[in-house]
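Novice: give the three-dimensional model of this entry:
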Amino acid sequence: MDRVHDHGPDQLLVLETARSRATFSTEAGRLTSLVFGAHQVIVGPEQQPPPRGSWFWGSFVMAPWTSLIRDAVFEFGGTTHRLPADDGRHAVLGLTWKLPWRIDGDRLVCDLDQGSGWPFGGRVMIIPKLSEGRLRVVLRVQAGDREQPAAVGWHPWFARELPGSGPVELGLAGPVWRQHRDADEAPTGLWQTVDPAERALNDCLQVAGPTTLTWPGVGSLEIAHDSPYLTVYSVHPRGICVEPVTSPAERMDHLLRPGEALDLTIDLAWRDEENH
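Specialist: Residues are numbered from 1 along each chain as shown. As a prediction, the model looks like this:
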């Protein structure tokens, strides 16, 4: 069952089954709650720190780029384009985390119109579907009437522990490759092997299959996606980020002609421990 609720200045799209519940807000298009059984698996708003709390809870869309645009400048179509800088001199995590969204039927939409900071127009959509123990999310970047580069990703903060569990355990599908960076932290275009057992990560990876988060004594969440790229941020005490993305860090690898769309499909599947 899907419902729309007014929530102060924002609206909520609530998806429910007998034992699962997902709540999306028009604030940043954010997934604010994801419950399987009795388990809230993402970091909630009560845990966000000021002043940049919007980056540190729930799950938000990164589009029309992910990671960062270095110095907030990029070249496309023979023209230099400048973006609003919001992390020192860089433009980070796209634009959609700081733009308004609206609910359109069973989806959420963010219009990249004039004033959004994106020179090409277009729109970004979240198309969610909840079934028992599973949330599927399609993220879509659709070009307007101009050709444009694009990338899209999702930035979920998963809980470090659940009530009754031990600390979350990260399982990566090998072989795993890490995007290599130089002394200035800029990507070199090379990839290096990573031991799938490595746990201290703040990297864009190439993985061979779904990633699994296991909360010992409670259950596990399998994260599957139709892109080989995944950013993992596992060293923050607040939570663990497993971020499917369509392009490696600091790149927009897809060229969209007018009206064309780039999709990223993400499946989150929960299993209680007794079913393992």
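Novice: who's residue 231 bridged to?
Specialist: residue 204, residue 243 (DSSP bridges).
Novice: my guess is it meets residue 204, correct?
Specialist: Yes. Because the distance of 4.9 Å satisfies Cβ atoms under 8 Å, residue 231 is recorded as touching residue 204. Every C-beta, even on glycine, is put in place using the N, C-alpha and C of the backbone.
Novice: touching both of these two, which residues are there?
Specialist: 67, 245, 249 (Cβ atoms under 8 Å, 6 or more residues apart in numbering).
Novice: ok, the first one - contacts?
Specialist: Residue 67 makes contacts with 92, 93, 204, 231, 245, 248, 249, 250, 251, as judged by Cβ under 8 Å, 6+ apart.
Novice: which ones are touching the first one?
Specialist: What it means is residue 92. 67, 68, 69, 86.
Novice: one more time with 6 Å
Specialist: By Cβ atoms under 6 Å, 6 or more residues apart in numbering, the contact set of residue 92 is 68, 86.
Novice: what's the pLDDT at it?
Specialist: Here the pLDDT value assigned to residue 92 is 95.
Novice: heads up, I number from 51, so please use that
Specialist: Shifting the count to begin at 51 puts that one at residue 142.
Novice: from residue 121, how far off is it?
Specialist: To residue 121, residue 142 is 12 Å away according to Cβ to Cβ, to the nearest Å.
Novice: hang on, the earlier thing: from the shared contacts of residue 281 and residue 254, which land in helices?
Specialist: Applying DSSP state H to the shared contacts of residue 281 and residue 254, no entry is found in helices.
Novice: hey, what's residue 226 bridged with?
Specialist: With DSSP bridges as the criterion, residue 226 is bridged to residue 244.
Novice: and it, how many residues sit next to it?
Specialist: Look at residue 226: counted by other Cβ atoms under 10 Å, it has 23 neighbours.
Novice: surely it meets residue 243?
Specialist: No. Assessed by Cβ atoms under 6 Å, residue 226 is found out of contact with residue 243, at 7.2 Å.
Novice: need the per-residue pLDDT for residue 310.
Specialist: 98.
Novice: skipping its backbone neighbours, what lies nearest it in space?
Specialist: residue 193 (5.3 Å; Cβ to Cβ, 6 or more residues apart in numbering).
Novice: contact partners for residue 60?
Specialist: 75, 76, 77.
Novice: quick one, what contacts the last one?
Specialist: Right, residue 77. Under the criterion of Cβ under 6 Å, 6+ apart, the contact list for residue 77 reads residue 60.
Novice: low-confidence stretches in the stretch 101-250 of the chain?
Specialist: When residues are selected by pLDDT under 70, those of the stretch 101-250 of the chain lie in 101-103.
Novice: make it 50
Specialist: Counting by pLDDT under 50, the stretch 101-250 of the chain has low-confidence residues at 101-102.
Novice: strands of that one, residue ranges please.
Specialist: 109-112, 118-119, 123-126, 129-132, 141-142, 152-154, 157-161, 173-181, 184-192, 198-200, 203-208, 219-221, 226-231, 237-244 (DSSP state E, counting those that start in this stretch).
Novice: from the centroid of this protein, which residue is nearest?
Specialist: The residue lying closest to the centre of the chain (Cα atoms, centre = their mean) is residue 204, at 1.0 Å.
Novice: so what's it bridging to?
Specialist: Taking DSSP bridges as the rule, residue 204 bridges to residue 111.
Novice: list the contacts of residue 279.
Specialist: By Cβ under 6 Å, 6+ apart, the contact list for residue 279 reads 295, 298.
Novice: check this protein for its longest strand and report it.
Specialist: Determined from DSSP state E, the single longest strand within the chain is strand 311-322.
Novice: other SSEs contacting it?
Specialist: Counting contacts by 3 or more Cβ pairs under 6 Å, 6 or more residues apart in numbering; DSSP states H and E, strand 311-322 packs against strand 184-192, strand 269-275.
Novice: now do the phi/psi pair for the residue nearest to residue 310.
Specialist: Per-residue torsions, residue 193: phi -70, psi 150 (degrees, to the nearest 10).
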